[in-house]
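**Student:** How does the following fold in three dimensions:
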Amino acid sequence: MNELLQFLKLSILHAGYAKLDNTWSYDNVISPFVRLFLITKGEAKAYYTNQSFDLKKDHMYLIPSFTYNNYSCDVYHEQYYTGFFEEIKLGMSIFNIKKFKYEVKASAADFDLFKRLIEINPNKSVLETNPKAHINNALSDYNNPESTVLNNDIETQGILSILLSRFIESSDVFANKGSFKGDLNKVLIYIAKHLDKEITVASLAKSCNLSADHFTRSFCAKFNITPSKYIQLKRIERAQFLLLSTNDSLKQIAEKVGLNNLSYFSRKFTEIAGVSPAKFRKQQLSL
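**Tutor:** Next up, the predicted model:
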């Protein structure tokens with residue numbers, strides 16, 4: 001799947017340096033963008049990806065997009081931070097294809113990279129320590145971008161790529177298992193591109209010149225999930241992004257993710273996300 005990485009796009013939302021005390025304590029935070037930070041002084045705690053992390057000096061931490069997390073600081077700590085959107089070709093995510101560590105020891109170069117990132121993005125600092133507030137503000141800024149200098153944009157993309165690369169493990173999420181040797185990765189791209197349309201297992205199988213049963217077995221062998229379940233997960237993930245980044249109505253969002261029946265959309269969203277779409281939006285964007 002490494003050929004897909006040439007299409008990786010990283011779009012910065014914020015970057016800065018923060019001095020935080022025991023008021024830095026929040027539960028059930030979720031953002032549609034990646035967050036990455038480097039602790040420079042003091043200690044704090046975070047819980048995400050079903051793991052508990054003691055945030056330590058001279059270590060970097062990665063929180064993937066759409067990941068529920070809690071974090072707190074008992075006394076005081078300082079950190080470099082950045083948040084950015086990541087996307088690989090037509091809506092796919094790098095977290096779908098690569099395995100990641102979430103804590104790494106920072107090098108001297110990482111400190112320099114953060115300093116440079118802030119230097120060339122001087123107006124990207126977070127003014128609100130409340131994460132729900134700065135998530136909302138960041139999305140607003142992303143939807144109304146200011147004009148930027150091209151060379152700074154290119155350098156920013158390079159710095160974010162290097163920092164993100166520190167966390168990538170050597171193996172892919174999906175092993176090359178199963179008897180089918182065709183390119184099932186193209187199926188993922190097709191799904192991402194057509195989430196607003198009807199997508200059937202039969203049509204996907206036909207595109208691979210397979211029977212529906214053979215296609216389903218091959219898809220499960222490679223991706224450890226049925227194609228139907230994968231499509232539903234991608235629809236709900238896209239819906240989460242739209243709920244947090246637009247003012248679209250629930251009906252409009254349901255249509256944009258290919259679930260035109262609002263009642264069915266709400267039921268599937270609740271089944272996968274654990275809360276209704278209306279409650280999800282209210283929880284995450286209430287200040």
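**Student:** Excluding chain neighbours, what is closest to Met27?
**Tutor:** Met isn't right for residue 27; it's Asp. Closest residue to Asp27 apart from its sequence neighbours, by C-beta to C-beta, 6 or more residues apart in numbering: Asn70 at 4.7 Å. Quick note: C-beta positions are derived from backbone N, CA and C, even for glycine.
**Student:** Confirm that Leu10 lies within a helix, as I assumed.
**Tutor:** No: going by DSSP: H, G, I helix; E, B strand; the rest coil, the assignment for Leu10 is strand, not a helix.
**Student:** Let me see the residues that make contact with the strand or helix carrying Asp112.
**Tutor:** Using DSSP states H and E, Asp112 sits within helix 108-120. Applying C-beta atoms under 8 Å, 6 or more residues apart in numbering, the contact partners of helix 108-120 are 12, 15-17, 38, 40, 60, 80, 82, 124-125, 152, 155-156, 159-160, 162-163, 166.
**Student:** Just the buried residues out of these, in PyMOL syntax.
**Tutor:** A single PyMOL command selects the buried members of these (16 or more other C-beta atoms under 10 Å):
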select buried, resi 12+15+16+38+40+60+80+82+124+155+156+159+160+163+166
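**Student:** Counting only strands, which of the contacts of helix 108-120 make the cut?
**Tutor:** Those of those mapping onto strands are Ile12, Ala15, Gly16, Tyr17, Leu38, Thr40, Met60, Tyr80, Thr82, per DSSP state E.
**Student:** Can I get stretch 98-116 in PDB? Just the C-alpha atoms.
**Tutor:** Only the C-alpha atoms of stretch 98-116 are listed here, as PDB (Å, rounded to 0.1, in the frame of the first residue of the first chain):
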ATOM      1  CA  LYS A  98      -0.400   1.800   8.600                       C
ATOM      2  CA  LYS A  99       0.100   0.800  12.200                       C
ATOM      3  CA  PHE A 100       1.100   3.500  14.600                       C
ATOM      4  CA  LYS A 101       2.800   3.900  17.900                       C
ATOM      5  CA  TYR A 102       1.300   6.700  20.000                       C
ATOM      6  CA  GLU A 103       4.300   7.600  22.200                       C
ATOM      7  CA  VAL A 104       7.900   8.100  21.000                       C
ATOM      8  CA  LYS A 105      11.100   9.700  22.500                       C
ATOM      9  CA  ALA A 106      11.600  13.100  21.000                       C
ATOM     10  CA  SER A 107      15.000  13.900  19.300                       C
ATOM     11  CA  ALA A 108      16.700  17.200  19.200                       C
ATOM     12  CA  ALA A 109      15.600  17.500  15.600                       C
ATOM     13  CA  ASP A 110      11.900  17.200  16.700                       C
ATOM     14  CA  PHE A 111      12.300  20.200  19.000                       C
ATOM     15  CA  ASP A 112      13.700  22.200  16.100                       C
ATOM     16  CA  LEU A 113      10.900  21.000  13.800                       C
ATOM     17  CA  PHE A 114       8.300  22.300  16.200                       C
ATOM     18  CA  LYS A 115      10.000  25.600  16.600                       C
ATOM     19  CA  ARG A 116      10.200  26.000  12.800                       C
END
